[in-house]
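[1] the following block contains a protein sequence and its predicted model.
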There are 2 protein chains.
Amino acid sequence: MIAGSHNTSAVSAAIEHGGSLAIAERLFPGAPRPWIDLSTGINPHAYPLPAFSAAAFTRLPEPGDITRLEQVALAAYGAPSGTPIVAAPGTQVLISLLPRLLGSRQVAILGPTYAEHAAGWQGVGADVRLVAGLEAAAGADVVVLVNPNNPDGRLVPPAQLAGFAATLAAKGGLLLVDEAFADLEGKGATIAPFLPVPGVLVLRSFGKTYGLAGVRLGFAMGDEALVDALRAAMGPWAVAGPALEAGLAALADEGWRRQMTLRLESEAARLDAAMERLGLKIVGGTRLYRLGEAEGAPALFKRLGKAGILVRRFSDQPRRLRLGLPADEAGWQRLESA
Amino acid sequence: MIAGSHNTSAVSAAIEHGGSLAIAERLFPGAPRPWIDLSTGINPHAYPLPAFSAAAFTRLPEPGDITRLEQVALAAYGAPSGTPIVAAPGTQVLISLLPRLLGSRQVAILGPTYAEHAAGWQGVGADVRLVAGLEAAAGADVVVLVNPNNPDGRLVPPAQLAGFAATLAAKGGLLLVDEAFADLEGKGATIAPFLPVPGVLVLRSFGKTYGLAGVRLGFAMGDEALVDALRAAMGPWAVAGPALEAGLAALADEGWRRQMTLRLESEAARLDAAMERLGLKIVGGTRLYRLGEAEGAPALFKRLGKAGILVRRFSDQPRRLRLGLPADEAGWQRLESA
């Protein structure tokens, strides 16, 4: 029935993600509760939810309000006003949709990284290579990188990316920059000020920075044809009312972001110290998660799990564990005494 | 950059929809407030919102909870358990996505009807015909109908649809049945009990029946390959936490649906009487909206607008107006004395 489509639900189902307590409870049924969930890169200090209007739940979002949200997002992300941008119910939808809009391509992904990128392209039959750096991406017509990278925090300087993109675009190619973890890393961590650049599409994630992953909000900005195609593929009301109202409040709040950047910098340092005490060598990360390495990582994963502390492991990198930030002092103390 | 894609954002932007008070205020700047918005088919008596958990906003929805929501939806809609089903952030996403997954086709749409169906298919360059009935759809490989239809309430008996679908499927075709307004019309209004039927995809909308259009929730069920393709195109977390929790509560509540069906039956009768007093002949509808016809419909649209009452007009059917139900007695009295 579907010409040229490949079913990826089986692939997706098999991808390991952080954040599933259901899986944690199956792995460690006897662990003390509540779970300390450090398996995601979601900010544990959520932006204070606005008092939602009744209309946020009962009425369709007004198209004009979505446009306003997109403009507030451009300003928050440091992109020039006028840059094409579209809001979506989370960044994941954009990651899954793009390969279906562009079709099968020669794709190079700077990896290891967030696994849904490869899954999306493999799902449409694309030829996907994981490469270590931009120089190894030659020949690809779609180049994907998460910047700063998840899980290791590797940052390709945006100016270098913009130059690379120009070469790629001249051949009709696309550079997809997933900046899911760029918000709290300072202005040098984003390509947004260079936009719009033809052939560059930037993804930004709302839920991680603001600790509101459940509302589902994300953005794609940059290349106009791609932004338009994504908007058309999702239709006019993909973003929910609560996401709209939370987004309008939080994205406009530069003071909160500034304070949070400082707070998380200090918490990330405390996390590094805790991980080192557990025998992990810190090899990277961002202010929202740290990546540690140790021969004994698989054993440490189990030890923490049995203590009710869920962290992120990687089936393809068994010596590594990624830890997010505890939400409160009780969580810190359980981690520090584990 | 995008082979075979056609930009439909301009088309979509031009489609008139109900429910935009921003447009109403531009048209009738001096109208008395608050607006009585009768321009949608959304139930004005919203399902009581559950007390959302904090996790609904802060955490990613658990995949197992989405599966549970889908199973509750199957039961609520009267489809056999085991029928392939996928939840989405509203039905509109599904309507916009399907043409992009299936590509250009010969499409017949039973019309006039909800305009986004035609826009979606035209957006991928499909050959789209509006036809008056199934018999006129011969030769098409995708047949779309809204059942019961919006705005006229026309219902093609589901048994007849199932037979038609079998013929269509034998040629590799697809029957898309948008049952956005079927929930409160009784068991005879849905093809769900016949599912799964190869080549039949049924769309169900949560927001209209439960008066919660802002949470964004809808479902596609039926043909397994299409359900899988839609799931893959949206990825694992397209549905927001509040939609998940509201859906789980409301879809399981058969008593509420039974009472609401009776309540809206009586309110629809009151609406018919009010519309007839305004000079409209009732030509169809469902329990959530009524369609009226009169030579003077354009003048009546203006008269109501100046009185702060927004109703739905149709640029291609100027003699018709569609009215939804007032939310409260004050709204009824403003309509009845307009």
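    That came through, no problem. Numbering: from 1, shown residues only, chains lettered A, B, ... in the order given.

[2] near chain B, which residues of the stretch 51-200 of chain A show up?
    With Cβ under 8 Å from any Cβ of the partner chain as the criterion, the stretch 51-200 of chain A comes near chain B at residues A:55-64, A:89-90, A:92-93, A:95-97, A:100-103, A:116, A:120, A:123, A:172, A:174, A:199. For the C-beta atoms, the positions are set from N, CA and C on the backbone; glycine is no exception.

[3] give me the subset of these lying in strands.
    Judged by DSSP state E, these include A:Leu174 as members of strands.

[4] from the residues of the stretch 51-200 of chain A next to chain B, list the buried ones, please.
    Buried members of these, counted by 16 or more other Cβ atoms under 10 Å in any protein chain shown: A:56-63, A:89-90, A:92-93, A:95-97, A:100-103, A:116, A:120, A:123, A:174, A:199.

[5] what helix or strand does the closest residue to A:Ala166 other than its chain neighbours sit in?
    Nearest residue to A:Ala166 in three dimensions, chain neighbours excluded: A:Val197, at 7.2 Å (Cβ to Cβ, 6 or more residues apart in numbering or on different chains). When elements are assigned from DSSP states H and E, A:Val197 belongs to no helix and no strand.

[6] touching, A:Val197 and A:Ala169? I think so.
    Yes: counting by Cβ atoms under 8 Å, A:Ala169 is a contact partner of A:Val197 at 7.3 Å.

[7] what are the ranges of the strands in chain A?
    Under DSSP E, chain A gives strands at A:36-37, A:85-88, A:106-110, A:127-131, A:142-146, A:174-178, A:200-205, A:218-222, A:281-286, A:289-293, A:309-310, A:312-313, A:320-324.

[8] returning to that earlier point: check the gap between the residue nearest to A:Ala166 and chain B for me.
    Distance, A:Val197 to chain B, by Cβ to the nearest Cβ, to the nearest Å: 13 Å.

[9] before we move on, what about A:Arg270?
    Applying Cβ to the nearest Cβ, the value for A:Arg270 to chain B is 21 Å.

[10] ditto for A:Ala246
    From A:Ala246 to chain B the distance is 8 Å (Cβ to the nearest Cβ).

[11] residues contacting that residue?
    A:Tyr47, A:Leu49, A:Pro50, A:Phe206, A:Tyr210, A:Leu212, A:Val215, A:Leu217, B:Phe57 (Cβ atoms under 8 Å, 6 or more residues apart in numbering or on different chains).

[12] circling back: the residue nearest to A:Ala166: neighbour count?
    19 (other Cβ atoms under 10 Å in any protein chain shown).

[13] just the pLDDT at it, thanks.
    Listed pLDDT for A:Val197 reads 87.

[14] what sits against it?
    A:Ala162, A:Ala165, A:Ala166, A:Ala169, A:Ile191, A:Gly222, A:Asp223.

[15] whichever of those end up buried, select them in ChimeraX.
    Isolation of the buried members of the contacts of A:Val197 (16+ other Cβ under 10 Å) is achieved in ChimeraX through the command below:
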select /A:162,165,169,191,222,223
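
[16] make JSON lines out of the contacts of A:Val197 and add distance to B:Gly292 and pLDDT.
    Formatted as JSON lines, the contacts of A:Val197 follow (distance: Cβ to Cβ, whole Å; pLDDT from 0 to 100):
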{"residue": "A:Ala162", "distance to B:Gly292": "58", "pLDDT": "91"}
{"residue": "A:Ala165", "distance to B:Gly292": "56", "pLDDT": "93"}
{"residue": "A:Ala166", "distance to B:Gly292": "59", "pLDDT": "89"}
{"residue": "A:Ala169", "distance to B:Gly292": "54", "pLDDT": "91"}
{"residue": "A:Ile191", "distance to B:Gly292": "54", "pLDDT": "97"}
{"residue": "A:Gly222", "distance to B:Gly292": "47", "pLDDT": "97"}
{"residue": "A:Asp223", "distance to B:Gly292": "46", "pLDDT": "95"}
